[in-house]
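Peer 1: test case, fold it:
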Amino acid sequence: MDFVSPVLDVASLICNCVGERADLLRRLPQNVISLRDERKNLNDVYKDVKERVEREENLEKKKRTHVVDGWIGRAEAMEKEVKELLDRCDEENQKKCFGTCCPRNCRSSYKLAKMVREKMDAAAELRSEGHNFQVFAVSLPNPPVIERPLEEKPVVGLDSPFREVWRLLQDKQVGSIGIYGMGGVGKTTLLKKINNKFLQSSIKAFDIVIWVVVSRPTNLERVQETIRSRLQIPDDGWKGRQEDDKAAEICRILKTKKFVLLLDDIWEPLDLLRVGIPPSGDGNQSKIVFTTRSANVCQGMAAQKSINVECLEEKEAFSLFQAKVGEDTLNSHPDIPKLAEMVAKECKGLPLALIVIARAMASAETPEEWERNLQKLRLYPKDVAGTENDLFSVLAFSYDSLPDEATKSCFLYCSLFPEDYLIPSEHLIQLWIGEGFLDEYDDIQEARNQGGEIIERLRHACLMEAASTDFLIHERYLKMHDVIRDMALWLACEKGKKKNKFVVKDGIGLIRAQEVDKWKDAQRIALWNDTSIEELRKPPCFPNMETLIGCMKSTFPSGFFTNMFVIRVLDFSNNKILELPAEIGNLATLQYLNLSYTRIKYLPIELKNLKKLRCLILDGLFSLASLPSQIVSSLSSLLLFNMKFVSSLSLEDEIMLLEELEQLEHINDISIILHSIQSIQRLFKSDKLRRSTTFLQVTHCRGVNQVQLSPSIKTLELVNCDELEEVKIIHFEKQVVTSKLPNPECCFNRLLSVHIRICKKLLNLNCLIHAPKLQSLHIAYSKIEKVIEDERSEGSEIESGLSVFSRLMYLTLVDLPKLESIYGHVLPFPSLRRVMVRECPRLKRLPFDSSTSMSKNLEEIRGGQKWWDGLEWEDQTIMHNLTPYFHR
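Peer 2: Residues are numbered from 1 along each chain as shown. Here you go, the predicted model:
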């Protein structure tokens, strides 16, 4: 009997084995179904990961991590393997082998069942990995050099100092170079030329070139932040650290690199060690180059070499002056060239003065005009090379040449903004309206138009300049040159005779009470960037103050607003204040109040007393708990009301606000955000509200399938409106339905900007055929198929003579999987500047003709390389002409 037990054990093992195999074979059909499900689930995760990675690569210019890239590769391989295995299962199923015990196919069926089970587990594990990714892509390293914009033509007179600086940069014995000279002489332009020289591929002597604008007052934290951004030091290792720790981190990284540090516009010696810059003689052959107006700064910063950038010689100066005046003006009379030479001499070779005066003379086409203006110029001191007052006297000629007092007042007003500040043009015009500079216009829109004309006058006179911004930011910004701003402040303070008439404080910290006492004669006060005022023993008196701009880090002292008898403008936008003093309600003369992007939670009911208030701006009040009733309706003089980008108001508050706005007799400019169908319907039912609304944002609004607009609309934003199907024009209760307009008033003559995002049922924007002045069009994350349908493209000429999209400057199309067409046939697009197309796989044609490719306005076209290569063109010449503007 001893042999029986082993036999039974073997038999038991065999039975178990057979049982396991039989069970696996029995479960095979269900496991195949489970494998198909797992394949689908894995594919969904794969698509999510792939789309997230591609979005970050295309829009944020990042690079996928190796882990994510490896997972994508394994997921793609798994998809192929599972497909092949399922195909094999289908073949076996056709042979009726599933679940049988036939010795002929039992072995192969078992192997197949085992493979299905293993692949199902592997796919599940891979799917789980895909769900757990936290980081999909990382930022790409910054390029060694970032190009700085310069004029197309070489700037006259800088060749000699440029060659000298470049020679010193090759000298191993020289580590620091100071460039000094008076304001407007071309120091920044010279530094930009040096920066751009490093772009040449043949120059690879340095690892990185870092550009920093220092300006005044010197802000060490801002300098460190600029360098940190350039070195790509991570946020988590930076924020919250002390100045010394930040300097140590910058120094640690720079010691590993051979760098060039370019510091522009230094007004006082900068302690480079405090910033974190290693000494220039540290042995790594790095270089430091900086610009300043003072030779003393070169000494204070121990520059090994100092270069003085001087004014131009007479011949060079006249050459620059001629180029800026223009040949047409110079040739308009035989006497003008000689008179032009005499005017140029009065500028004493200062490039900025030459440019400003030349632009002022560009429209003078008779000898008499030149003689009169030359006589005016000679009334001022001639010696420009001396003090800055002489410089201001020369530059003030351009100010004196401005056509009227309103334009002059608007120009001087710009000096209230700090140095290097990007001034939003819309905000600036609103301030001018509040100040009463544009009071001759009863209609806000007319006043805005006049403000825009004044900005153009100031730009053409070189007293203001347009500032460049990010690709996706289309708002216009302005900037005032440092020297021009100083001159404007000098003029505003009656050529320095009344020092505190205009008071501008920028980032100086705490202001003492004795300093506030000096402001009793101030007309305008502007406090910027973390400025605060200490608590005062008694309320200050400002009998002449008309303007207070307060971008502060804390609230104002108690009683600060008690004695402001002629105040017109209070601008607290982008302020950190938490509450508004109730005493503001006593400012009977106040006409402009801006509380945008503050942290205010409640508005004092006393605001209802501001009977002369004409402009109330409440954008971006994210902390606002509620809107007290009867405040808005009590503001009987209100012309302009802004409440954009506010998400905290209740439905009741929205309805109440619309009702109160409708009660205002003079209101004609409303910018508002609405979140409910009830609010939309309330707006649509009111002729007055529709006519007055110039900016409308409808967001997260359920139940709205149609938006009806009046021709007064300037900006339309539709965000997260899932049921929206149509946008229509309503004019005198009549719906515009045809593409040929019977009346020019029946179109969007004022519509400038349209922003559509996440509107899944909106299939087209045919209404844009009625928007001849549209400047910016942004559509993203929607199911739109055609921007304007083909049948609407016929006969699209508008009675005003403007064709569709003739004013369009910015076109952005992002993540529109169904988009097939922008327009039914080609158009010239004469104003187009920038185009971005991302994730629009069905868009195979761009409606551009040959004149688009030749437009002097076009700057760039962004998109994926695969999309660009797959585009179809009416004419290959168009493609060849546009390719230089294309960037991935």
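Peer 1: hang on, residue 398 in a helix?
Peer 2: Yes. Residue 398: assigned to a helix according to DSSP: H, G, I helix; E, B strand; the rest coil.
Peer 1: need the distance between the two termini of stretch 844-862.
Peer 2: One end of stretch 844-862 to the other measures 15 Å (C-alpha to C-alpha, to the nearest Å).
Peer 1: quick one: pLDDT of the nearest residue to residue 333 once chain neighbours are set aside?
Peer 2: Of all residues not flanking residue 333 in the chain, residue 367 sits nearest, at 5.4 Å (C-beta to C-beta, 6 or more residues apart in numbering). Every C-beta, even on glycine, is put in place using the N, C-alpha and C of the backbone. Listed pLDDT for residue 367 reads 89.
Peer 1: what's the neighbour count on residue 367?
Peer 2: Neighbourhood size, residue 367 [other C-beta atoms under 10 Å]: 15.
Peer 1: residue contacts, it?
Peer 2: 333, 335, 336, 339 (C-beta atoms under 8 Å, 6 or more residues apart in numbering).
Peer 1: count of residues packed around the nearest residue to the last one once chain neighbours are set aside?
Peer 2: Here the nearest residue to residue 339 in space, its sequence neighbours aside, is residue 370; by C-beta to C-beta, 6+ apart that works out to 4.1 Å. The number of residues packed around residue 370, counting by other C-beta under 10 Å, is 21.
Peer 1: secondary structure of residue 370: a strand, I assume?
Peer 2: No. Assignment of residue 370 by three-state DSSP gives helix, placing it outside any strand.
Peer 1: so it sits against residue 336, correct?
Peer 2: Yes. Taking C-beta atoms under 8 Å as the definition, residue 370 is a contact partner of residue 336 at 5.9 Å.
Peer 1: identify the contacts common to the two.
Peer 2: Contacts common to residue 370 and residue 336, judged by C-beta under 8 Å, 6+ apart, are absent.
Peer 1: from residue 542, how far out is the residue nearest to residue 333?
Peer 2: 50 Å (C-beta to C-beta, to the nearest Å).
Peer 1: how about residue 564?
Peer 2: 5 Å.
Peer 1: do the same with residue 361
Peer 2: From residue 361 to residue 542 the distance is 41 Å (C-beta to C-beta).
Peer 1: who's more crowded, those two?
Peer 2: For residue 361 versus residue 542, the count of surrounding residues by other C-beta under 10 Å is larger for residue 361: 28 against 23.
Peer 1: neighbours of the closest residue in space to that one that isn't next to it in sequence, how many?
Peer 2: Excluding the flanking residues, the one nearest residue 361 by C-beta to C-beta, 6+ apart is residue 325, at 5.7 Å. Here the count is done by other C-beta under 10 Å, and residue 325 has 24 residues near it.
Peer 1: for residue 434, same thing?
Peer 2: For residue 434, using other C-beta under 10 Å, the count is 25.
Peer 1: how close does it sit to residue 591?
Peer 2: Residue 434 is 5 Å from residue 591, by C-beta to C-beta.
Peer 1: what residues are shared contacts of these two?
Peer 2: Common neighbours of residue 434 and residue 591 (C-beta under 8 Å, 6+ apart) are 568, 569, 614, 615.
Peer 1: closest to residue 241 out of these?
Peer 2: Nearest to residue 241, judged by C-beta to C-beta, of the shared contacts of residue 434 and residue 591 is residue 569 at 39.0 Å.
Peer 1: quick one, phi psi at the closest one?
Peer 2: With angles defined as degrees, to the nearest 10, residue 569 sits at phi -130, psi 130.
Peer 1: contacts only, for it.
Peer 2: 431, 434, 435, 546, 547, 548, 549, 590, 591, 592.
Peer 1: shouldn't the first one be in contact with residue 592?
Peer 2: Right, residue 431. Yes. Using C-beta under 8 Å, residue 431 is in contact with residue 592, at 6.9 Å.
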